[in-house]
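**Q** okay, sequence plus prediction incoming.
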Amino acid sequence: MGANGIAVIGAGMIGAAHASGYRSHLPRFSDRIGGLSLATVCDDNDTLAAAVASTYGFARVARDWKATIADPDIAIVSVALPNFLHVEVAAAALDAGKHVICEKPLALNAAEALMLWRKAQASRRCAATVFNYRRYPAVAEIHKLIAAGAIGEPLHIALQYQCDYAADPDLPHSWRYTRSRAGAGALLDLGTHAIDMARFLIGEVDEVVGAMSTIAIKRRFVAQGATIGHDRVALSAETRLVDNDDVVSALLRFENGCQGLFSASRIAVGFGNALSITVAGAKGTVAFTTTAPGKYEIAQFDGSGQSPFRVVNNRPSFPYAGALLPVPHDGVAVGYAEAFGFMIHDFLAAVAAGEAMRNGSMLDGLRAAEILDAIDLAAARGGSVPIHRAA
Ligand SMILES: NC(=O)c1ccc[n+]([C@@H]2O[C@H](COP(=O)([O-])OP(=O)(O)OC[C@H]3O[C@@H](n4cnc5c(N)ncnc54)[C@H](O)[C@@H]3O)[C@@H](O)[C@H]2O)c1
């Protein structure tokens, strides 16, 4: 039985979700991946690492990501660190022969994402990007419906990701508000998910026809201590510049001719965390929002003059629902945590099968980065920007 320890590197807001996902899904794979175990939570904040390790049953904590990757007991690495560390840590883990699942955005830009993707290919290890929103059962079902022609040829997709985690100007400055550490702002933090959803449902984007972005809150107070996710903490009197977008919008042209209308905001008061999509095709329309994740709505042209929307609640026949939910019953709602766990499940399934990650690969991370770069450029200079697909 080989050593197949799992390490989660980064124990902040989303590191806990990785740990929870492994905790939930590990038993399904322990007979297929010998020695699979919840081994290490690594964070340079000892308190956080210890809290996540004890909550989700990991054996050890560590401060140093290099030592964690060098540990021969570790075979599987989750990278849940701030954006600017993704490429360095994921590349080192691949070099060390580990299977790697890296948080979105895969990199600060497409050039770095391409480097990482090439390394992943050469490593022949399982290399994934966290695209959890594809894994809401209703979204995965909509993907199947569109592919089967249920709404005809897709003509238009509207993607709106509205959050208010940054709406309060008294929330602390953190790595998220600095371009050198986060890349673009709402565009990379939220837009990555929306753009991945667009690719998942419609296909490749060929051109950003136009885009604009706004920095609404131009300075934020520096925290007195560490920041975690979007949490409120004690502030110092010092302020620091915000140099990446709070709000961004773009018009997209897909390879298949479909139009895309995309926007993302981290300061949309009242929204919490809401990603909504509507796809209108030649014969129907389908819609989903993460604020009502237990259902989708569909209208199919029926010639009656009305073609009303029908609400379709989650069913066991939807992807993930029947196979992975503890209560696989009609209408049982599914939330963020379950969809995130399904991402970890799919990654472990690919590792267990000795296969490349296909649905949410590092190539998907690269493709999203290429589109996000083009939106960022179109917003900065105006005009349209064609997408250059490398690799
Ligand atoms: N998939 C999703 O739905 C989703 C949701 C939220 C965040 N994310 C992504 O997850 C990543 C982390 O976001 P977060 O909100 O958890 O951030 P966070 O700031 O809450 O956590 C980051 C953690 O990394 C630790 N850290 C920083 N530098 C380190 C180093 N050199 N060595 C060890 N530990 C270090 C920090 O102490 C912190 O605990 C980001 O890339 C973000 O885009 C994804």
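**A** Everything's here; your move.

**Q** interface residues of the stretch 201-350 of the chain facing the ligand?
**A** Neighbours of the ligand within the stretch 201-350 of the chain, by Cβ under 6 Å from any ligand atom: 227-229. (Each C-beta comes from the backbone N, C-alpha and C, glycine too.)

**Q** could I get those residues in TSV, plus columns for neighbour count and secondary structure?
**A** Shown next, in TSV, are those (neighbours: other Cβ atoms under 10 Å; DSSP: H, G, I helix; E, B strand; the rest coil):
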residue	neighbour count	secondary structure
Thr227	18	coil
Ile228	16	coil
Gly229	12	coil
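
**Q** residue in this structure with the shortest distance to the ligand?
**A** The nearest approach of the chain to the ligand comes at Gly12, 1.8 Å away (Cβ to the nearest ligand atom).

**Q** so what's that residue closest to, chain neighbours aside?
**A** Spatial nearest neighbour of Gly12, chain neighbours left out: Ile228 (5.2 Å); criterion: Cβ to Cβ, 6 or more residues apart in numbering.

**Q** what about that neighbour, distance to Leu188?
**A** Distance, Ile228 to Leu188, using Cβ to Cβ, to the nearest Å: 19 Å.

**Q** quick check: next helix or strand after the strand or helix carrying Ser236?
**A** Ser236 is part of strand 235-241, with elements assigned from DSSP states H and E. Beyond strand 235-241 on the C-terminal side, the first helix or strand identified by DSSP H and E is strand 247-254.

**Q** ok, and what's touching whichever helix or strand comes after that following strand?
**A** Counting by DSSP H and E, the next helix or strand C-terminal to strand 247-254 is strand 259-265. Residues outside strand 259-265 that contact it (Cβ atoms under 8 Å, 6 or more residues apart in numbering) are 155-163, 186-187, 189-191, 194-195, 198, 202, 205, 246-254, 271, 375.

**Q** coming back round to it: now do the contacts for the residue nearest to Gly12.
**A** Ile228 neighbours (Cβ under 8 Å, 6+ apart): 12-13, 48.

**Q** SS state for the closest residue to His173 other than its chain neighbours?
**A** Excluding the flanking residues, the one nearest His173 by Cβ to Cβ, 6+ apart is Arg220, at 3.9 Å. For Arg220, the assignment made with DSSP: H, G, I helix; E, B strand; the rest coil gives strand.

**Q** pLDDT weak spots in the stretch 251-391 of the chain?
**A** Within the stretch 251-391 of the chain, not a single segment meets pLDDT under 70.

**Q** quick one: terminal-to-terminal distance for stretch 61-73?
**A** Using Cα to Cα, to the nearest Å, one end of stretch 61-73 lies 14 Å from the other.

**Q** who touches that stretch?
**A** 3, 5, 7, 9, 39-44, 46, 49-50, 53, 74, 77, 81, 85, 89, 92-93, 96, 98.

**Q** equivalent analysis for stretch 267-278, please.
**A** 133, 139, 157-167, 190, 193-194, 197, 201, 216-217, 246-247, 265, 285-291, 336.

**Q** chain center to that stretch: distance?
**A** Distance, stretch centre to chain centre, for stretch 267-278: 15 Å (Cα atoms, centre = their mean, to the nearest Å).

**Q** again, but for stretch 203-212
**A** 20 Å.

**Q** now do the buried residues in it.
**A** Judged by neighbour count (16 or more other Cβ atoms under 10 Å), stretch 203-212 contains these buried residues: 205-208, 210-212.

**Q** swap in stretch 80-90?
**A** 80-81, 83-90.

**Q** just the CA coordinates of that stretch, formatted as PDB?
**A** C-alpha atoms of stretch 80-90 as PDB (Å, rounded to 0.1, in the frame of the first residue of the first chain):
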ATOM      1  CA  ALA A  80      -6.000  27.000  -2.000                       C
ATOM      2  CA  LEU A  81      -3.600  30.000  -1.700                       C
ATOM      3  CA  PRO A  82      -4.000  33.600  -2.800                       C
ATOM      4  CA  ASN A  83      -3.900  33.900  -6.600                       C
ATOM      5  CA  PHE A  84      -0.300  35.100  -7.000                       C
ATOM      6  CA  LEU A  85       1.000  31.800  -5.400                       C
ATOM      7  CA  HIS A  86      -1.000  29.400  -7.600                       C
ATOM      8  CA  VAL A  87       1.500  28.900 -10.400                       C
ATOM      9  CA  GLU A  88       4.600  28.700  -8.200                       C
ATOM     10  CA  VAL A  89       3.100  26.200  -5.800                       C
ATOM     11  CA  ALA A  90       1.200  24.100  -8.300                       C
END
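
**Q** one step back: return the set of buried residues in the strand holding Ser236.
**A** 235, 240.

**Q** quick one on the thing from earlier: could you check the pLDDT of the residue nearest to His173?
**A** Arg220 is assigned a predicted lDDT (pLDDT) of 97.

**Q** how much space separates it from Tyr177?
**A** Applying Cβ to Cβ to Arg220 and Tyr177 gives a distance of 6 Å.

**Q** overlap of the contact sets of the two?
**A** 240, 242.

**Q** higher neighbour count, these two?
**A** More crowded of Arg220 and Tyr177, by other Cβ atoms under 10 Å: Tyr177, with 24 against 21.

**Q** please name the residues that touch the more buried one.
**A** So Tyr177 contacts 166, 185, 220, 240, 242-244 (Cβ under 8 Å, 6+ apart).

**Q** of these - the most surrounded one?
**A** Gly185 (29 neighbours).

**Q** which residues touch that one?
**A** 176-177, 213, 215, 242, 244-246, 248, 266.
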